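>>> Fold the stuff below for me.
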Amino acid sequence: QVQLAESGGGLVQPGGSLRLSCAASGKIFGIAGMGWYRQAPGKQRELVATITVGGGTNYADSVKGRFTISRDNAKNSVYLQMNSLKSEDTAVYYCNVEARTSIWTAQVHDYWGQGTQVTVSS
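Residues are numbered from 1 along each chain as shown. Model (predicted):
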């Protein structure tokens, strides 16, 4: 089984910054894609940013130029640097990883963190 430990959420004023971290642990034989998603009250969960094992990135239009996703493959970790935060960024942020958990197959499975609250308010 794979466990994801998220940290870094909190309350910040508009224009401020936060850095989210997510570390995967457990029986892992490799991680493919990693990403961050968010869900605001009354809305569906949406993609924020993803990063491939080779470092290729993809961002939601609403965060381009403000958020940066990165990963440390040696630590099975993914990060989200969030700058110039806006009130509309307020949401629960979820970490997602595609992990290989068997030595006998290359198949990967999706795992989710428990979520960390980000609130942008003055």
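>>> Test of understanding: give the bridge partners of the closest residue to Gln107 other than its chain neighbours.
Computed as C-beta to C-beta, 6 or more residues apart in numbering, the closest residue to Gln107 that is not its neighbour in sequence is Arg100, at 7.0 Å. (C-beta placed from N, C-alpha, C; glycine too.) For Arg100, the residues forming beta bridges with it (DSSP bridges) are Gly30.
>>> ok, so what distance separates Arg100 from Ser84?
36 Å (C-beta to C-beta, to the nearest Å).
>>> what's the first-to-last distance across stretch 3-14?
Using C-alpha to C-alpha, to the nearest Å, the end-to-end distance of stretch 3-14 comes to 32 Å.
>>> so how far is that stretch off the chain centroid?
For stretch 3-14, the gap between its own C-alpha mean and the chain's C-alpha mean amounts to 10 Å (C-alpha atoms, centre = their mean, to the nearest Å).
>>> Name the residues of it that are buried.
4, 6, 8-9, 12 (16 or more other C-beta atoms under 10 Å).
>>> and Glu98, how many neighbours?
Per other C-beta atoms under 10 Å, the neighbour tally for Glu98 reads 18.
>>> picking that back up, settle it for me: which of Arg100 and Ser84 has more neighbours?
Set Arg100 next to Ser84 and count neighbours by other C-beta under 10 Å: Arg100 wins out with 17 against 13.
>>> Let's see the pLDDT reported for the more buried one.
The model reports Arg100 with a pLDDT of 91.
>>> got the contact list for it?
Residues near Arg100 by C-beta atoms under 8 Å, 6 or more residues apart in numbering: 28-32, 106-108.
>>> Identify, from these, the entry nearest to Val78.
Of all those, Ile31 has the smallest distance to Val78: 8.8 Å, by C-beta to C-beta.
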